[in-house]
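K.L.:
Quick one: sequence and predicted model below, then my questions.
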Amino acid sequence: MKAKTSFSCQACGHQSPRWLGRCPDCGGWNTMKEERQAPTGKGRPAAMKMAQQAKATPIAEIEVVGEDRRLTQIGEFDRVLGGGVIPGSVILIGGDPGIGKTTLLLQALPRLSSKKEPVLYVSGEESPRQIKMRGQRLGIEHPNLLILAETSLEQILKAAQEIQPAAMVVDSIQTVYTEQITSAPGSISQVQEVAGQLMWYAKRSSVPVFIIGHVTKEGAIAGPRLLEHIVDTVLYFEGDKGHSFRILRAVKNRFGSTNEIGVFEMKDSGLEEVSNPSELFLAERSQRTTGSVVVSSLEGSRPILVELQALVSSTSYAMPKRMANGVEQNRVSLLLAVMEKRLGMHLSGQDVYVNVVGGMHIDEPAIDLGIVAAVTSSLREVPIEPGLLVLGEVGLGGEVRAISQAEMRIREAAKMGFKRCLLPERNLAKLDPIDGIELVGIREVGEALDVVLA
């Protein structure tokens, strides 16, 4: 039977019987590529042959067993995963080239080997000798860590069936292909099919599978969004090349929270977990600089103190610049409008730049008051007290609204040596006194600025 031909969008997966210059679904230009599909009736998968046929079971007869998680013994990694690795889960990790994806998994994989069980690292991009050289630099000489340089999915699954590993890593999914499909590796159909068969293997064998994925220039994992729907957990490894630390963030997790982050520091010996991120982000803070304030970001169950900077300068353009790094630019514009309307500040002739030090990205409203305080400090050339923590959401009427988990944030600040905390009055009414830190409640932005810039 003759193979069918279709055109698939390499960005979103939309299929068309003919070539189109622009994808009708995602609007991408020149993303349609021709792919040949195998004749129907060939049957699928190599992974299906490895497992017994599944049987339907009444829900009342299914035994409920506690989650038997395996720890990677890397605290920050286990935190993001929800407390460890679930057997049979499929975990997709994406990130920029050279950010540390391979390094992290090379460090974590041998620690999943219990009772002398082997663990398998499948590389489609590097040779075993190259991985060996990296392992020597990282100090990894585990006898049960097996390296397989292979890109054929059928051969990978055959090797996994023989080895019976405790965990498996596939680096990367864009280089692996299946013989069931004739299109090139990395294409839409290949990525979908390979991910589906790896998922089938993981569920039937209870072997956790880590998949490394390339990212596009926009920062999203290359391939169709369906790839993220297939897997159980999607992790993004983020970091600024100008800084040594890295942030591991979960955007999907069927077995845990998606609010947790893990913080690592890249060193010559590999990735080291950072147990106190607040200390790291505040390590180089200047004590008497205008436009600098400390705010608290709640990442999952952990509060992190970060420095927020603002710079206000006279503009030479008809339209003043509004730039933000680490916070949403639209939110900054909204707060500047509140300052002009409610506080009478003239910012229409000023360029305003806002930056979260260290490359952190914060998207919660609890830092609103910190942004207003930093901008005002830079505008008036008055430094903010170094030992002051600023918390609060700012409304369009200039009121300061309550925030969540205020006590947790304040206790973290007290541990770091902060002496005062500016917070919404509604939060203050619900808090008991905290040793070592003075709590100041405010209702409106104007009151807050009188305290901050006194």
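P.N.:
Looks like it came in fine.
K.L.:
switch to C-alpha atoms for all contacts and neighbour counts from now on
P.N.:
Will do.
K.L.:
what lines up beside the longest strand along the chain in the sheet?
P.N.:
Looking across the chain with DSSP state E, the single longest strand is strand 302-314. Sheet pairing of strand 302-314 (DSSP bridges) gives strand 292-299 (antiparallel), strand 350-356 (antiparallel).
K.L.:
For that strand, output the C-alpha coordinates as CSV.
P.N.:
Extracted C-alpha coordinates of strand 302-314, given in CSV (Å, rounded to 0.1, in the frame of the first residue of the first chain):
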residue,chain,number,x,y,z
ARG,A,302,9.2,28.5,50.4
PRO,A,303,9.5,32.3,50.7
ILE,A,304,12.5,33.9,48.9
LEU,A,305,13.8,37.3,49.5
VAL,A,306,15.1,39.2,46.4
GLU,A,307,16.3,42.6,45.7
LEU,A,308,14.2,44.8,43.4
GLN,A,309,15.9,47.8,41.7
ALA,A,310,14.4,50.7,39.9
LEU,A,311,16.1,53.5,37.9
VAL,A,312,14.3,56.7,37.0
SER,A,313,16.0,59.2,34.6
SER,A,314,14.9,62.1,32.4
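K.L.:
before we move on, the earlier item: and the strands paired with strand 302-314: which comes nearest L153?
P.N.:
strand 292-299 (37.4 Å; CA to CA).
K.L.:
My understanding was that G94 contacts E228; is that so?
P.N.:
No. Using CA atoms under 8 Å, G94 is not in contact with E228, being 10.7 Å away.
K.L.:
Give me the common contacts of these two.
P.N.:
V234 (CA atoms under 8 Å, 6 or more residues apart in numbering).
K.L.:
who has more neighbours, those two?
P.N.:
Using other CA atoms under 10 Å as the criterion, G94 and E228 rank with G94 on top: 24 against 19.
K.L.:
residues contacting the more buried one?
P.N.:
With CA under 8 Å, 6+ apart, G94 has these contacts: K101, I212, G213, H214, V215, A220, I221, V234, L235, Y236, F237.
K.L.:
Out of those residues, which is nearest to S333?
P.N.:
Nearest member of the contacts of G94 to S333, counting by CA to CA, is A220, at 26.2 Å.
K.L.:
What's the per-residue pLDDT of the closest one here?
P.N.:
Confidence at A220, expressed as pLDDT, is 60.
K.L.:
next one: the one 5 residues further on
P.N.:
pLDDT, the model's per-residue confidence, is 64 for R225.
K.L.:
quick one on the thing from earlier: among the strands paired with strand 302-314, which is nearest A373?
P.N.:
That would be strand 292-299 among the strands paired with strand 302-314, by CA to CA, at 7.4 Å.
K.L.:
nearest spatial neighbour of the spatially most central residue of the chain, skipping sequence neighbours?
P.N.:
Centroid-nearest residue in the chain: R249, 2.5 Å away (criterion: CA atoms, centre = their mean). In this structure, R249 finds its nearest non-sequential neighbour in I261, 4.7 Å apart by CA to CA, 6 or more residues apart in numbering.
K.L.:
so that neighbour touches I247, yeah?
P.N.:
Yes. Using CA under 8 Å, I261 is in contact with I247, at 6.6 Å.
K.L.:
More neighbours: which of these two?
P.N.:
I261 (24 against 19).
K.L.:
about what we covered before: wait, what's in contact with the residue nearest to R249?
P.N.:
E76, R79, V80, I247, L248, R249, A250, E299, G300.
K.L.:
and the helix or strand that contains the fourth one, which residues are buried?
P.N.:
Pointing back at I247 there. Using DSSP states H and E, I247 falls within strand 245-253. For strand 245-253, a neighbour-count test (16 or more other CA atoms under 10 Å) marks F245, R246, I247, L248, R249, A250, K252, N253 as buried.
K.L.:
residue contacts, the fourth one?
P.N.:
Spelled out, it's L248. F77, V80, L235, Y236, F237, E238, I261, G262, V263, F264.
K.L.:
likewise I384?
P.N.:
R288, T289, T290, G291, S292, V293, S377, V452, L453.
K.L.:
Let me have those in TSV, adding distance to E125 as columns.
P.N.:
Below are these laid out as TSV (distance: CA to CA, whole Å):
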residue	distance to E125
R288	49
T289	47
T290	48
G291	46
S292	44
V293	45
S377	51
V452	54
L453	56
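K.L.:
Quick one, which of those residues has the minimum pLDDT?
P.N.:
Out of the contacts of I384, that is R288, at 79.
K.L.:
Kindly tell me how buried that one is, as a neighbour count.
P.N.:
There are 12 residues near R288, going by other CA under 10 Å.
K.L.:
Contacts only, for it.
P.N.:
By CA under 8 Å, 6+ apart, the neighbours of R288 are P383, I384, E385, P386.
K.L.:
which of the strands paired with strand 302-314 sits most buried?
P.N.:
Comparing the strands paired with strand 302-314 by mean neighbour count (mean count of other CA atoms under 10 Å), strand 292-299 ranks first with a mean of 24.
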